[in-house]
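*Asks:* Show me the folded form of this:
(one chain, ligands or ions: 1)
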Amino acid sequence: MPVLSTRAASLQQSAIRKLDALVRRQVGVRFHRLNIGQPDVPTPAPLLEAIAAFQPEVVAYGPASGLPECREAAAAYHARWSPGLRAAHVVATVGGSEALLFSFTAVCDPGDELLVLEPYYTNYNGFATVAGAVVRPIRTHLHDGFAIPSDEVLDAAVTERTRAIVFSNPANPTGAVYGEDELRRLLRWATRHDLFVISDEVYRQIWFEEPPTSALSIEEHADRVLVIDSLSKTYSACGLRLGFLISRNLDFMEKVERLGQARLGPQPLAQHVGIAALQLDDSYYASIRRIYRERVTVMMAALDQLPGVSAPHPRGAFYTMVELPVDDTERFARFLVEAFRSDGESVVVAPGGGFYAAPESGAQKIRLAAVTEAPQLQRAVEVLGEALIAYAG
Ligand SMILES: Cc1ncc(COP(=O)(O)O)c(C=O)c1O
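*Replies:* Numbers count the residues shown, from 1 in each chain. The predicted model follows:
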């Protein structure tokens, strides 16, 4: 047999998708699917209208970095927080995912290292593997709200192969939101070590107390900042596959343009829809914050009722990492899918291991996503509580 590459062999199966095959084999069960960040919030009408209005004679390639009008719309949108952004600072990508892959690839040679605040979005592992990069986790903790660790802790993680520090803000899966002081400190630290800062801001409109600070808004260190954005969560348009990679570093952007040329270009349809999305007014963003605030509040209140269970209250995004009184949440998650039923219902959860570089660190945790309506979330957490009792017995 021909041999597959080490990269292919070392790709982990996404923790979030892992259970899907098992779920598909179950018959007649009503599953609460809280394992994946796919909201059920309707996609706003102007986006659906833009899809219907897209009637080209030829569905042609577009430019590698995206349609100029889409890049301009994204620059104008981000200029609300980061004045002076222009189309040249924005590349349209196939989801935030491709923006992450491009940024990891553009800053890392094989064997180079990315510091990643942990727990972290599990697919960073896959992008790093494809880019040939190594993830070096930096643990953040519930007791201080998953704050960015001190300069001394960060210093200790740097080696001569370190190229960038990566985090999401608001954070998936912790719900942390990083503000201006924390980011200024991080940027000063990154400047000291001459590292890139990759700030994944795909949840930037979903916050409950204070808004996150965009890393790009801090101009002094702008050359080293790479921001990831996406339409998926903000506009409930995960299937559109449109994201953005944004940086004021034009040398970096030129290399990203070349990466983009290799795959020709992102979908013109998605970009037309993107233009409509980026022109929605502030009341739209306030409305999604209301929706997620209600959901998260209900989910957390229900979780707080469960004995032996602890979970941080998210300050943004729509996830929480729940600590359960079980030893191996991977087994517990399978038990939920295959064996446990409450009135024909069960819950699909994401086992915590996939959010840590060393999966055993998440063995007692699961991640829940507030992606269904409040009453369903409440019921889902009740079912989870019943399942914990059944599992212990
Ligand atoms: C933190 C984070 N970044 C990036 C993505 C990728 O999103 P997409 O490729 O749909 O834009 C996700 C999706 O869940 C995410 O949670």
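*Asks:* any residues touching the helix or strand hosting Thr320, and which ones?
*Replies:* Element membership of Thr320, judged by DSSP states H and E, is strand 319-323. For strand 319-323, the external contacting residues (CB atoms under 8 Å, 6 or more residues apart in numbering) are 37, 119, 172-175, 296, 299-300, 303, 309-314, 352, 355, 362, 364-370. Where you see a C-beta, it was placed from the backbone N, CA and C, and this is true even at glycine.
*Asks:* mind running it again at 6 Å?
*Replies:* Applying CB atoms under 6 Å, 6 or more residues apart in numbering, the external contacts of strand 319-323 come out as 172-173, 175, 310-312, 314, 364-369.
*Asks:* Using PDB, list the CA coordinates for it.
*Replies:* As requested, the backbone C-alpha atoms of strand 319-323 are provided in PDB (Å, rounded to 0.1, in the frame of the first residue of the first chain):
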ATOM      1  CA  TYR A 319     -20.700  28.200  24.900                       C
ATOM      2  CA  THR A 320     -19.800  27.000  28.300                       C
ATOM      3  CA  MET A 321     -17.300  24.300  29.400                       C
ATOM      4  CA  VAL A 322     -19.200  22.300  32.000                       C
ATOM      5  CA  GLU A 323     -17.300  20.300  34.600                       C
END
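*Asks:* what comes up buried for the next helix or strand after it?
*Replies:* Following strand 319-323 in sequence order, the next helix or strand is helix 329-338 (DSSP H and E). Buried positions in helix 329-338, judged by neighbour count with 16 or more other CB atoms under 10 Å: Thr329, Glu330, Phe332, Ala333, Arg334, Phe335, Leu336, Val337.
*Asks:* contacting residues around helix 329-338?
*Replies:* For helix 329-338, the surrounding residues in contact (CB under 6 Å, 6+ apart) are Leu19, Leu22, Val23, Val326, Ser346, Val347, Val349, Pro351, Gly352, Ile366, Ala387, Tyr391.
*Asks:* now stretch 97-117
*Replies:* Counting contacts by CB under 6 Å, 6+ apart, the residues outside stretch 97-117 that touch it are 93, 124, 127-128, 131-138, 140, 157, 161-167, 196, 198, 226, 228, 243, 245, 255-256, 259.
*Asks:* Now do the end-to-end distance for stretch 356-372.
*Replies:* With CA to CA, to the nearest Å as the measure, stretch 356-372 spans 25 Å from end to end.
*Asks:* Helices along the stretch 1-150 of the chain, start to end?
*Replies:* For the stretch 1-150 of the chain, applying DSSP state H, counting those that start in this stretch gives helices covering 6-10, 20-25, 45-53, 68-78, 95-107, 123-131.
*Asks:* The ligand: which of those is closest?
*Replies:* In this view, the helices of the stretch 1-150 of the chain are compared for proximity to the ligand by CB to the nearest ligand atom, and helix 95-107 is the closest at 2.7 Å.
*Asks:* hey, C-alpha coordinates of the closest one in PDB?
*Replies:* As requested, C-alpha coordinates have been extracted for helix 95-107 and formatted as PDB (Å, rounded to 0.1, in the frame of the first residue of the first chain):
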ATOM      1  CA  GLY A  95     -15.200  30.900   6.200                       C
ATOM      2  CA  GLY A  96     -13.200  32.000   9.200                       C
ATOM      3  CA  SER A  97     -11.700  28.500   8.800                       C
ATOM      4  CA  GLU A  98      -9.700  29.300   5.700                       C
ATOM      5  CA  ALA A  99      -8.600  32.700   7.200                       C
ATOM      6  CA  LEU A 100      -7.100  30.700  10.100                       C
ATOM      7  CA  LEU A 101      -5.500  28.200   7.800                       C
ATOM      8  CA  PHE A 102      -4.000  31.000   5.700                       C
ATOM      9  CA  SER A 103      -2.700  32.900   8.700                       C
ATOM     10  CA  PHE A 104      -1.100  29.700  10.300                       C
ATOM     11  CA  THR A 105       0.400  28.900   6.900                       C
ATOM     12  CA  ALA A 106       1.700  32.400   6.200                       C
ATOM     13  CA  VAL A 107       3.400  32.700   9.600                       C
END
